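S.K.: Fold the stuff below for me.
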Amino acid sequence: ASFGIMSSTEKVLAVVTAPLNASSNGKTVDGMKTVPADECIGQQLVNPRAVRRHNDPMDLVELARTVQQADSFVRATTGGKLQVIVDQVRLLQQQAREILETAKRDTQLHHAACNFTKVPGKIYHLYERSCGTTYFSMLSPDDWGKSCPHKFLGSYRLEYDYSWTSSDKIDSRNEDIEAITKAIVTHSGTN
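M.R.: From the prediction side, this is the model:
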């Protein structure tokens, strides 16, 4: 093939693959020094015939297939990421409901009648009178024995943040507090 009808890609490849110590007897095409392929050192980086296949209909089909596959991957990835967000929103909604229910219960417990000063860390026992009013007592149903005057509703520990923990969840709450305290101590490096 004549250098005069070389494609610009072939010209670039000829220059790129030319030996560093090429002699001055190489041909010049459009101001670029070229050397015949049999004198080139190194490898040809691109197949010039494959590069020139711009009008090949199979390339267009392959390109369309690649674009369609990329679109599918983008949709799947986006869908997966959005699903994670949906799951997180649902979890946050559930946690918000639990927080609101706990706040409502804590408010009701703080409004129960009480003839003493409540101290955080202590357990108090909730009773209901026949008229429907509730009150706290320091006496448990066991302390009352058979002479318990009102309906027992449950025992609660007043926490230091003035929230309430029901007696059946005190052990679990203690384990949580212990784990949190340990994590803080470990992280801060203090004992």
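
S.K.: Quick one: mean pLDDT for the longest helix along the chain?
M.R.: For the chain, the helix reaching the highest residue count under DSSP state H is reported as helix 57-110. Model confidence over helix 57-110, given as mean pLDDT, is 90.

S.K.: Report the inter-axis angle for the next helix or strand after that helix versus helix 57-110.
M.R.: Using DSSP states H and E, the helix or strand that follows helix 57-110 in sequence is strand 123-128. Put simply, strand 123-128 runs at 80 degrees to helix 57-110, going by axes from the mean of the first three to the mean of the last three CA atoms, to 10 degrees.

S.K.: contact partners of strand 123-128?
M.R.: Identification of contacts with strand 123-128 by CB atoms under 8 Å, 6 or more residues apart in numbering yields 109, 112, 114, 118, 134-141, 148-158, 167, 170. C-beta here means a position set from N, CA and C on the backbone, and glycine is covered the same way.

S.K.: From those, which land in strands?
M.R.: The members of those that map onto strands under DSSP state E are Thr134, Tyr135, Phe136, Ser137, Lys151, Phe152, Leu153, Gly154, Ser155, Tyr156, Arg157, Leu158.

S.K.: so how far is Ile177 from Asp171?
M.R.: If you measure Asp171 against Ile177 using CB to CB, to the nearest Å, the figure is 11 Å.

S.K.: let me redo that: Glu128
M.R.: The separation that Glu128 has from Ile177, given CB to CB, amounts to 30 Å.

S.K.: can you count the residues close to Tyr127?
M.R.: Counted by other CB atoms under 10 Å, the residues lying close to Tyr127 total 21.

S.K.: What residues does the residue nearest to it when sequence neighbours are not counted make contact with?
M.R.: If the residues on either side of it in the chain are set aside, Tyr127 comes closest to His150, at 4.2 Å by CB to CB, 6 or more residues apart in numbering. If you count contacts by CB under 8 Å, 6+ apart, His150 has them with Tyr127, Glu128, Arg129, Ser130, Tyr135.

S.K.: No further questions, thank you.
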